[in-house]
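Q: Dropping the sequence and predicted coords here.
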Amino acid sequence: MGGSIVAIGAGLVSIGAGLGVGLVGAAAVNSMARQPEMTAKIQTTMFIAAALVEGVALFCAIICLLVK
């Protein structure tokens, strides 16, 4: 029973990370389309935000695997 709950938690973390990175990417592309001259700054900010989302997701996945 404990393994299946961990698998559900890890799956939810994966879905959340995918949605988070997707929303960050979509907002960045939309911003670049509106202001092409700001592409470099927007892209840098996008990479930082995506890394933070992935870091939180990795932290949550590790917690899911440690709590059995």
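A: It's in. Numbering: from 1, shown residues only.
Q: pLDDT weak spots in the protein?
A: Across the chain, the ranges flagged by pLDDT under 70 are 1-2, 68.
Q: show me where the protein has helices.
A: Under the criterion DSSP state H, helices of the chain are mapped to 2-34, 39-66.
Q: Make a markdown table from these and add mean neighbour count to it.
A: All C-beta atoms are positioned from the backbone trio N, CA, C, and that covers glycine. Formatted as a markdown table, these follow (neighbours: other CB atoms under 10 Å):
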| stretch | mean neighbour count |
| --- | --- |
| helix 2-34 | 13 |
| helix 39-66 | 14 |
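Q: what's Met38 in contact with, if anything?
A: Neighbouring residues of Met38 by CB atoms under 8 Å, 6 or more residues apart in numbering: 31-32.
Q: Pull up the gap between it and Gly3, please.
A: Between Met38 and Gly3 the computed distance is 47 Å (CB to CB, to the nearest Å).
Q: Tell me how far stretch 20-34 lies from the chain's centre.
A: Distance, stretch centre to chain centre, for stretch 20-34: 13 Å (CA atoms, centre = their mean, to the nearest Å).
Q: what does it rub up against?
A: So stretch 20-34 is contacted by 38-39, 42-43, 45-46, 49-50, 53-54, 57 (CB under 8 Å, 6+ apart).
Q: Contact partners for Thr45?
A: Per CB under 8 Å, 6+ apart, neighbours of Thr45: Ala28.
Q: Roughly how far does it sit from Ala61?
A: In this view, Thr45 and Ala61 are 25 Å apart by CB to CB.
Q: And for Met38?
A: Taking CB to CB as the measure, Met38 falls 33 Å from Ala61.
Q: cool, Ala33 as well?
A: From Ala33 over to Ala61 (counting by CB to CB), the distance is 33 Å.
Q: for Ala28, same thing?
A: On the measure of CB to CB, Ala28 and Ala61 end up 24 Å apart.
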